[in-house]
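Everything below, folded, please.
(one chain, ligands or ions: 1)
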Amino acid sequence: MHCFPCFSTPRNKKSSSSDEANNNEVKLHERRQPDEAEQSEETTLKIFSFRELATATKNFRQECLLGEGGFGRVYKGTLKSTGQVVAVKQLDKHGLHGNKEFQTEVLSLGQLDHPNLVKLVGYCADGDQRLLVYDYISGGTLEDNLQEPKPNREPMDWTMRMQIAYGAAQGLEYLHDKVDPPVIYRDLKASNILLDDDLCPKLCDFGLHKLGPGTGDKMMALSSRVMGTYGYSAPEYTRGGTLTTKSDVYSFGVVLLELITGRKALDTTKPNDEQNLVSWAQPIFRDPKRYPDMVDPILKKKFSERGLNQAVAIASMCVQEEPTARPLISDVMVALSFLSMSTEDGIPTAVPMLSFKDKSMSIALSRHDSNLVSPTPEVATEDDKSSTSSDEESSVDNEKEMVNKKKKKKLEEEDSLTESDDGSDSNSDDEHEKDQESQPPKPVDEKNQAQSLKIKYRYSWEDVDINEGRLSSKSSQKSNDGGSISSGYESNKDHDDLPKEKEEKEEDHTHLEHMQSSKTDDSQSVYFDDDDDSGDDNEEVSLHRVKSEVEVGSFEDDSGASLHHTES
Ligand SMILES: Nc1ncnc2c1ncn2[C@@H]1O[C@H](COP(=O)(O)OP(=O)(O)OP(=O)(O)O)[C@@H](O)[C@H]1O
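Residues are numbered from 1 along each chain as shown. I've put the predicted structure just below:
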């Protein structure tokens, strides 16, 4: 897959020179990044004369016209000085800012720099002409690629679609979280996502209005004309015009749905009840058995059930009516980073819930994938609900005993296998593991999750290296056989593997602190919370190279919560 190189995080360059104009260029200091307050960046925007751009676009000839949008016409051009191919956006004159305002806005746009954003190369403010010059992106829009695939191009497969979603999420995450003040996109849609020749997505048309500082949920008042496109606009925005970063998350959810289904956000050629993609999808969200039916038929069922379930779970979270219920784009991005990985068997690795800033994403995904949270019935009993801490200690002893018994049994089984296998057992573990991984995920009994106090879980963690531009993963499980633990995590593997794997993987693990499991009022929910105020550190760990042993305590009930929390 060619797409990953452009997904890497841009490296910040240190600024050394001044911001004064130099040789037809304006040098500026980049907006401060929140995590690098003392570092400033330098970016360069070219100032073009109208004549230069007229030459580049053959005098804005019709044959160079790429299209026309809400802000004006866009032409393809070639800069005479450098030979660079560009897209020149000639802004409609009516309602344009004055020169100073325009420059201020453009200069701040020029500071935005991310591999998943179309780069602003320069601008022209000549007389009453206002033009923006962007890198030309040759692969067309996502909308065109989905709706009218080029004859010489294979239709986008499932993994490619998830990679496009992942790239778009990265661009949006940059605007929301890495730029200060955050930039609300306002008009995210499939026709504003351009694809390069490698199908790497680039968001265009962002930030054409300056946004004020946010409070709370980065709520920002809409100060200028209403934007957005029907079918993509969040309901709160359509109703009252209030824009937040969560409005962008809604639009992103619609784009993700388009990638999954191959349908348009709004398609007036369809029957009434199918015209609006979100309205059509809502009842299906509640019925996972119907998920395969919503997938783009062009994919010919070439997708994994787990990947589909999780992608639909993410999309359905994003398009929730209530903005605060929608996930953060950073969590969406993390989830998609896992769903977009190519694996040998085509089945995406399970998403480690530790990666998320917000619990809601873990909950939604765990409902769709027993690899994330899967209770084992063997130790969960009704009586356990009223257990005391001494009960729990003895339960730990019982668990240890059980683990030891299983370990013994497993060793005996392996011995007999070795004898009968004539030395060919070197691969047997791998094969055994593969067999188990290929098993369909066990359904999650959510009720049982919430009620059981002595649920044992094992956690399936991933080893991810996003920084190097490639994503690799391996799964491992680990249990706890010591310490006052009353619960752990469970993957979709059998418990029988547990002790052996523990021995094999133990030295690889670093410890992730302060994980809790709690029961909430909502009997459907199991929360995995980060108890540490410095949660960001943990997120940082999980985003980059996650090797963690997770140990989980449990709440007894809502009233007399007895939280057990052990670090080892
Ligand atoms: N940097 C670019 N490289 C290549 N094509 C581009 C570029 N920017 C815009 N285009 C193309 O120019 C056309 C007009 O784009 P523009 O973004 O102005 O409008 P739109 O996305 O069609 O509508 P809207 O204004 O509602 O977003 C589109 O077909 C778009 O794909």
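
Please identify the residue of this protein positioned nearest to the ligand.
With C-beta to the nearest ligand atom as the measure, residue 69 is the residue of the chain nearest to the ligand, at 2.0 Å. C-betas here are computed from N, CA, C, even on glycine.

Show me what that residue is bridged to.
residue 72 (DSSP bridges).

Quick check: the gap between it and residue 257.
For residue 69, the distance to residue 257 (C-beta to C-beta, to the nearest Å) stands at 22 Å.

Equivalent analysis for residue 202, please.
Separation of residue 202 from residue 257 (C-beta to C-beta) stands at 20 Å.

What pLDDT does the model give the residue of the chain closest to the ligand?
On pLDDT, residue 69 comes in at 85.

ditto for residue 483
pLDDT at residue 483 comes out at 33.

Let me see the domain layout of this structure.
Domains of the chain are assigned by the TED database as 43-136, 137-216+226-344.

In a strand, residue 44, correct?
Yes. Assessed by DSSP: H, G, I helix; E, B strand; the rest coil, residue 44 belongs to a strand.

Would you mind giving the domains of the chain as a markdown table with mean neighbour count added?
Listed next are the domains of the chain as a markdown table, based on neighbours: other C-beta atoms under 10 Å:
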| stretch | mean neighbour count |
| --- | --- |
| domain 43-136 | 17 |
| domain 137-216+226-344 | 19 |
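
To residue 363, which of those lies closest?
Nearest to residue 363 among the domains of the chain is domain 137-216+226-344 (9.4 Å), distances taken as C-beta to C-beta.

Show me what secondary structure element comes after the strand or helix carrying residue 109.
Using DSSP states H and E, residue 109 sits in helix 99-110. Using DSSP H and E, the helix or strand that directly follows helix 99-110 along the chain is strand 120-126.

Summarise which helices and strands that next one is packed against.
strand 42-47, helix 50-56, helix 99-110, strand 129-135 (3 or more C-beta pairs under 8 Å, 6 or more residues apart in numbering; DSSP states H and E).

Which of the ones you listed sits closest to residue 268?
Using C-beta to C-beta, the nearest of these to residue 268 is strand 129-135, at 30.5 Å.

From what I see, the residue of the chain closest to the ligand and residue 208 are in contact.
No. At 10.4 Å, residue 69 does not count as touching residue 208 under the criterion of C-beta atoms under 8 Å.

low-scoring pLDDT stretches of the stretch 351-500 of the chain, where are they?
For the stretch 351-500 of the chain, applying pLDDT under 70 flags the ranges 351-355, 368-500.

one step back: near the ligand at all, the helix holding residue 109?
No. Using C-beta under 6 Å from any ligand atom, helix 99-110 never reaches the ligand; the gap is at least 13.1 Å.

What angle do strand 129-135 and that helix make with each other?
If you take axes from the mean of the first three to the mean of the last three C-alpha atoms, to 10 degrees, helix 99-110 sits at 10 degrees to strand 129-135.

Tell me if residue 156 really is in a strand.
No. Residue 156: not assigned to a strand; according to three-state DSSP it is coil.

Reformat the domains of the chain as JSON lines; add distance to residue 356.
Output for those, formatted as JSON lines (distance: least, C-beta to C-beta, whole Å):
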{"stretch": "domain 43-136", "distance to residue 356": "21"}
{"stretch": "domain 137-216+226-344", "distance to residue 356": "5"}
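
thinking again about what came up before, among the helices and strands packed on strand 120-126, which gets the worst mean confidence?
In terms of mean pLDDT, the lowest-scoring of those is strand 42-47 (a mean of 80).

Return the residues in contact with residue 73.
60, 65, 67, 89-90 (C-beta atoms under 8 Å, 6 or more residues apart in numbering).

Equivalent analysis for residue 79, please.
52, 56, 85-86.

how about 7 Å then?
Residue 79 is in contact with 56, 86, counting by C-beta atoms under 7 Å, 6 or more residues apart in numbering.

so residue 182 sits in a strand?
No. Assigned with three-state DSSP, residue 182 falls outside any strand and is coil.

isn't it right next to residue 176, touching?
Yes. Contact criterion C-beta atoms under 7 Å: residue 182 and residue 176 qualify, at 5.1 Å.

what do those two both touch?
Common neighbours of residue 182 and residue 176 (C-beta under 7 Å, 6+ apart) are residue 245.

Excluding sequence neighbours, find me the nearest residue to residue 230.
Of all residues not flanking residue 230 in the chain, residue 266 sits nearest, at 5.9 Å (C-beta to C-beta, 6 or more residues apart in numbering).

mind listing what the one you found touches?
By C-beta under 7 Å, 6+ apart, the neighbours of residue 266 are 230-231, 275-276.

Widest-spaced pair of those?
Pairwise distances across the contacts of residue 266 peak at 10.5 Å for 230 and 275 (criterion: C-beta to C-beta).

quick one: the helices in the stretch 151-300 of the chain?
Using DSSP state H, counting those that start in this stretch, the helices of the stretch 151-300 of the chain run over residues 158-173, 235-240, 245-261, 277-285, 291-294.

Put together CSV for these, with distance to the ligand and mean pLDDT on each row.
CSV is the format used below for the helices of the stretch 151-300 of the chain (distance: least, C-beta to the nearest ligand atom, whole Å; pLDDT from 0 to 100):
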stretch, distance to the ligand, mean pLDDT
helix 158-173, 13, 97
helix 235-240, 15, 86
helix 245-261, 12, 97
helix 277-285, 17, 97
helix 291-294, 26, 95
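
Flag every residue of the protein that's near the ligand.
66-71, 74, 87, 89, 118, 134-137, 141, 187, 191-192, 194, 204-205.

ok, 8 Å please
Contacts of the chain with the ligand, taken as C-beta under 8 Å from any ligand atom, map to 66-74, 76, 86-87, 89, 118, 134-138, 140-141, 144, 187, 189, 191-192, 194, 202, 204-205, 229.
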